[in-house]
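Asks: okay, predicted coordinates and the sequence, questions at the end:
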Amino acid sequence: MLQRFLDKLVNASSEHRSPLYKVVALIIGVLVFIGAVPALLFLAAQAAETRVLADLALRIKLAVGIACAAVGLAFALWTVLAMATSGKGTPVPLAPPRKLIVKGPYRLCRNPLQLGVIVYYFGIGLYFGSWAVGATMFVIGLILGSLYHKFIEEKELRLRFGDAYEEYRSKTPFLFPRLWS
């Protein structure tokens, strides 16, 4: 079948054509390759986007949302456990850790509970909403938590733990762990 088509093309190329025939063939070719082919490709791509790519994008969004929520929640729970065991207290400001905690999640950053919670918020916002909702929840949690930690909690920790806290504070990042030493 392909060979027959190729034979017809070869035969057509050797035939003499009038100028009018050539102009009409050119117009038809332009209409086909500038109009019809792109229109068909557009429709096929649009169908792929709505059926395949949208489904893939949704699956990626949901998977990232679940992963972030799980990692954030696990990190937050690890922090609460460290507060209870090493610090002999809770995250509640009226029953705080009685000891300065510098190990476990606290060796990575000074505010691991906030880090875990904002990653969890991002995951929940992404899973139930969108990338923008997750990012907004992350940023609002980051800003509000950081303001509390900077202006209230750090002052209280300086008063309770003095030089030990200052030394810990000078060596440990505020919120985001260093990826290098």
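Replies: The structure has been received and is ready for your questions.

Asks: now do the SS call for the residue of the chain most remote from its centre.
Replies: Note on the chain: the largest C-alpha distance from the chain mean falls to residue 16, namely 62.2 Å (CA atoms, centre = their mean). For residue 16, the secondary structure call by DSSP: H, G, I helix; E, B strand; the rest coil comes out as coil.

Asks: quick one: it from residue 22, how far?
Replies: To residue 22, residue 16 is 11 Å away according to CB to CB, to the nearest Å. For the C-beta atoms, the positions are set from N, CA and C on the backbone; glycine is no exception.

Asks: got the phi and psi for the residue farthest from the centre of the chain?
Replies: Here is the backbone geometry of residue 16 (degrees, to the nearest 10): phi -80, psi 130.

Asks: how far away from the center of its chain is the longest helix anywhere in the chain?
Replies: Counting residues, the longest helix in the chain under DSSP state H turns out to be helix 54-85. Centroid separation for helix 54-85 versus its chain: 12 Å, with CA atoms, centre = their mean, to the nearest Å.

Asks: quick one: buried residues of the following helix or strand past it?
Replies: Under the assignment DSSP states H and E, the closest C-terminal helix or strand after helix 54-85 is helix 112-128. Residues of helix 112-128 classed as buried: 112-127 (neighbour count, 16 or more other CB atoms under 10 Å).
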